Each structure stands twice: as structure tokens, then as C-alpha cells.
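A.B. asks: sharing a model that was predicted from the sequence below.
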Amino acid sequence: SAVISQKPSRDICQRGTSLTIQCQVDSQVTMMFWYRQQPGQSLTLIATANQGSEATYESGFVIDKFPISRPNLTFSTLTVSNMSPEDSSIYLCSVWTGGTNQPQHFGDGTRLSIL
Amino acid sequence: DAKTTQPPSMDCAEGRAANLPCNHSTISGNEYVYWYRQIHSQGPQYIIHGLKNNETNEMASLIITEDRKSSTLILPHATLRDTAVYYCIVRVEGTSYGKLTFGQGTILTVHP
């Protein structure tokens, strides 16, 4: 399966600032996704990162708050903008290589704390 | 995608089989059952998936009832490292939109 690297692995940020999280895959993948996992909760899909076009956001998530880029088939970034303590979560990147019977695979996430 | 129901927590003795149930009574004919697990401080790890037939791989076995309304994930010889949250997810295979909808999962604790 694809090897997924996320940077940073964790960070502590001040409220009102923004942080960009990187997701790098060791092979070209068809689709890349960003999820959020709030403390003690399950995962929620934020958006699908589309190569060369705007990301597709899920209900409750907007581009101004979570701008996403995907310049090629192996790399994507998620920015958490104007952060508040409520944004303290784990942010996870996942990938789907495409093809029948191929599951999504996840990175280990970025643990973000906002003071 | 269909909704799933799992018990919030289960215990298992090390070396014994862990049987994790999942109810998906509204599953559609083209929806697959996927299992993932999340060990503390890691991202979800894919375990296994299936449509109708029982499946087995190096990690686990998946037993799907004939009416497909429920399934059981079996870890044949649980170890302490199998302690994790286990998620049962149903989704349509082969779609270009690969969204996974996670429920609360089952916290499996393996005891020495």
C-alpha cells in the first residue's frame, strides 16, 4: 500500500494564526482526502482534494477556513485558517489509489492544539 | 451509504479470538462492508472488506450473514497490540467518490 507522510506530526499554535499541513505520498494516487478527528470523536471528512481544481467540501466545511491545494498526484496541503481552540483536532490525510477493491489508506495525522 | 451499529466496547483475553459484531440492516446490494482499526496516536489502518462472501487475510476474517444485514470481524488470536478502536463502514465500491463515513466504532481492549 502507499506510504503516506504528514508534516508536521504535531503543533501548538496561537489563536488567530494559520497552519498548513502537508501530505506526501510515495506513489501517484487517484484521490486524496482530508479528515478531522476532534478529541474523543470519530473521523469526519472535510473535503476531497482534486488535482488541478478546487477541492470538494463536505457540509459544514468551507474553503475560507480550510483551503486545500493539490498540485500533483502525490501531494496535497490543508490549511487551517484563523484558528481557535475549537480547531484543536487531529487532521488526517487519506488516499485512494483507484481500481476495484482498493481501500483508502491513511497517514498518521497531524495533532493540532490551539492555545 | 448505509448506517452501521457497533457495541461501544468489548474485552478479550490475549490469545483468544476476538469477535467484533456490526449491524448494517439497511445495506444496499452494491455496498461493501469495510473494517478499519485505529490504534492510539495512529491513523486508521485498513483490515479487510467484503461484499457477500466470507473473506480472510493475514490480519482477520470477515463473516457476512446471508442476508448481509450484519457481519463479524474475527481476530483469531488477539494480542495486546490489537487493542484499538475498530470501525465497521459500508460504502459503494467502485465509485469515484471514495468517502468513508466513520461511526463511533468499538473499543477493543485485549487483556493479558
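C.D. replies: Yep, that arrived. Quick caveat: nothing in here was measured; it's all calculated off a predicted structure.
A.B. asks: find the centremost residue of chain A, please.
C.D. replies: Centroid-nearest residue in chain A, with CA atoms, centre = their mean: residue A:34, separated by 3.2 Å.
A.B. asks: who's in contact with that one?
C.D. replies: By CB atoms under 8 Å, 6 or more residues apart in numbering or on different chains, the residues touching residue A:34 are A:23, A:45-47, A:49, A:66, A:68, A:76, A:78, A:91-94. Every residue, glycine included, has its C-beta placed from N, CA and C.
A.B. asks: mind listing the strands for chain A?
C.D. replies: Assigned by DSSP state E, chain A shows strands spanning A:4-7, A:10-13, A:19-25, A:31-37, A:43-49, A:56-57, A:68-72, A:75-80, A:89-96, A:104-106, A:110-114.
A.B. asks: what's the closest of these to residue B:57?
C.D. replies: The minimum distance between residue B:57 and these falls on strand A:104-106, with 14.9 Å, by CB to CB.
A.B. asks: report the separation between the residue nearest to the centre of chain A and chain B.
C.D. replies: Residue A:34 sits at a distance of 12 Å from chain B (criterion: CB to the nearest CB, to the nearest Å).
A.B. asks: also residue A:24?
C.D. replies: As judged by CB to the nearest CB, residue A:24 and chain B stand 14 Å apart.
A.B. asks: what's the neighbour count on that residue?
C.D. replies: Around residue A:24 there are 15 other residues, counting by other CB atoms under 10 Å in any protein chain shown.
A.B. asks: isn't it up against residue A:32?
C.D. replies: No - using CB atoms under 8 Å, residue A:24 makes no contact with residue A:32, being 10.4 Å away.
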